[in-house]
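> Next input, structure requested:
(one chain, ligands or ions: 2)
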Amino acid sequence: MIDLGVNIDHVATLRQQRGCGYPDPVRAALLAEQAGADAITLHLREDRRHIQDSDVHALRPLLKTRMNLECAVTDEMLDIACQVRPHDVCLVPEKRQELTTEGGLDVMTHFTSVSQAVTRLHAADARVSLFIDPDFEQIRAAAQAGAGVIELHTGAYAQVSGEAQQHELERLRLAIAEGLRQGLKVNAGHGLHYQNVQAIVALGGISELNIGHAIVAQAVFDGWEKAVRDMKALLRS
Ligand SMILES: CC(=O)[C@@H](O)[C@H](O)COP(=O)(O)O
Ligand SMILES: NCC(=O)COP(=O)(O)O
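Ligands and ions are numbered 1, 2, ... in the order given. This is a model prediction of the structure:
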């Protein structure tokens, strides 16, 4: 069965929108665990637009499952990750002006800094995942950089429909196979929701899906725990 990593970023987005103390992403994380989440994912962006440093520090000792901390490959973020020592660190690309993470990390171009980050995080006992596009060269570079895990960016799949979506699904299928051939744990995520996740599950070979925005959106109508439970049920099928 595929693990569900519940991404709590956009609970924090709602809080930051008003600059008040609620909704609390830490509370959301603990309730998500009770509702069946296998891990909690949070992205500490350099601009702190949603998750704050205090959220990461407060959550770390309270989690009963795993913390998957997403961050950019910068000295500041690596310092924080080494201090917090999450179970998993997922290295992601970041652009200040983007609405959300637009593409995967370019491991080939940034090979030296990524490999050094992987080594540093391993020394802090974190498992390291690289958030990359479903691209053979990037997958091979991720393996060479020493990361044991990749998270395939499903954003391109989620944004299109019809034939174009089938094409993206095929790219993901081939990428999963290549990741497994390289001996990597293959995760995936971004833009997945209650209608488009089934085809990803059916591909097989994926260990964990990280899903956030759709669960937060569904919670408006169904409540947070039901939204988590319903997503978890889809990963079982
Ligand atoms: C890297 C990634 O895919 C997640 O962090 C997700 O996108 C939520 O964060 P943003 O919406 O801020 O990109
Ligand atoms: N890494 C992807 C993730 O954590 C969730 O992304 P989204 O579901 O909020 O698009």
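> So which residues on this protein come close to ligand 1?
Counting by Cβ under 6 Å from any ligand atom, the residues of the chain close to ligand 1 are N7, D9, H43, R45, E70, V92, T100, T101, F131, H190, G212. Quick note: C-beta positions are derived from backbone N, CA and C, even for glycine.
> isn't E94 right next to R45, touching?
Yes: here E94 reaches R45: they are 6.4 Å apart, a contact under Cβ atoms under 8 Å.
> shared neighbours, those two?
A72 (Cβ atoms under 8 Å, 6 or more residues apart in numbering).
> between the two, who's got more neighbours?
When E94 and R45 are compared on other Cβ atoms under 10 Å, the one with more neighbours turns out to be R45, at 21 against 18.
> does that one sit in a helix, a strand or a coil?
coil (DSSP: H, G, I helix; E, B strand; the rest coil).
> How about L235?
Secondary structure assignment for L235 (three-state DSSP): helix.
> now it: how far from L42?
19 Å (Cβ to Cβ, to the nearest Å).
> Ramachandran coordinates for F111?
Main-chain torsions, F111, degrees, to the nearest 10: phi -60, psi -40.
> wait, I meant N187
Torsion angles, degrees, to the nearest 10, at N187: phi -110, psi 170.
> How about C71?
phi -160, psi 160.
> How about the secondary structure of V89?
strand.
> Share the number of residues neighbouring it, please.
Neighbours around V89, by other Cβ under 10 Å: 31.
> That one contacts A81, correct?
Yes: using Cβ under 8 Å, V89 makes contact with A81 at a distance of 5.0 Å.
> Next one: W224 from A81, what distance?
27 Å.
> hmm, stretch 39-56 in reach of ligand 2?
Yes: Stretch 39-56 is in contact with ligand 2 by Cβ under 6 Å from any ligand atom, via T41.
> returning to what we had before: overlap in contacts, V89 and A81.
Common neighbours of V89 and A81 (Cβ under 8 Å, 6+ apart) are L69, C71, L121, A126.
> The nearest residue to the last one once chain neighbours are set aside: what's it in contact with?
Right, A126. In this structure, A126 finds its nearest non-sequential neighbour in V89, 4.6 Å apart by Cβ to Cβ, 6 or more residues apart in numbering. By Cβ under 8 Å, 6+ apart, V89 lies in contact with N68, L69, E70, C71, A81, L121, A126, R127, V128, S129.
> try it again with 10 Å
Each residue near V89 by Cβ atoms under 10 Å, 6 or more residues apart in numbering is listed here: 67-71, 77-78, 80-82, 117-118, 120-122, 124, 126-130, 147, 149.
> Per-residue pLDDT of the nearest residue to G21 once chain neighbours are set aside, please?
In this structure, G21 finds its nearest non-sequential neighbour in R15, 7.0 Å apart by Cβ to Cβ, 6+ apart. Looking at R15, its pLDDT is 98.
> Check S237 too.
65.
> Give me the mean pLDDT for the helix or strand encompassing Q165.
Using DSSP states H and E, Q165 maps to helix 162-181. Per-residue pLDDT over helix 162-181 has a mean of 98.
> Specify the local secondary structure of the residue sitting nearest the centre point of the chain.
By Cα atoms, centre = their mean, the mean C-alpha position of the chain lies nearest to N210, the distance being 4.6 Å. Three-state call for N210 (three-state DSSP): strand.
> show me the contacts for the residue lying closest to it once chain neighbours are set aside.
Using Cβ to Cβ, 6+ apart and skipping residues adjacent in sequence, the residue nearest N210 is G189, 3.5 Å away. By Cβ under 10 Å, 6+ apart, the contact list for G189 reads 5, 7, 41, 68, 70, 90, 101, 131, 151-155, 158, 197, 200, 206, 208-212.
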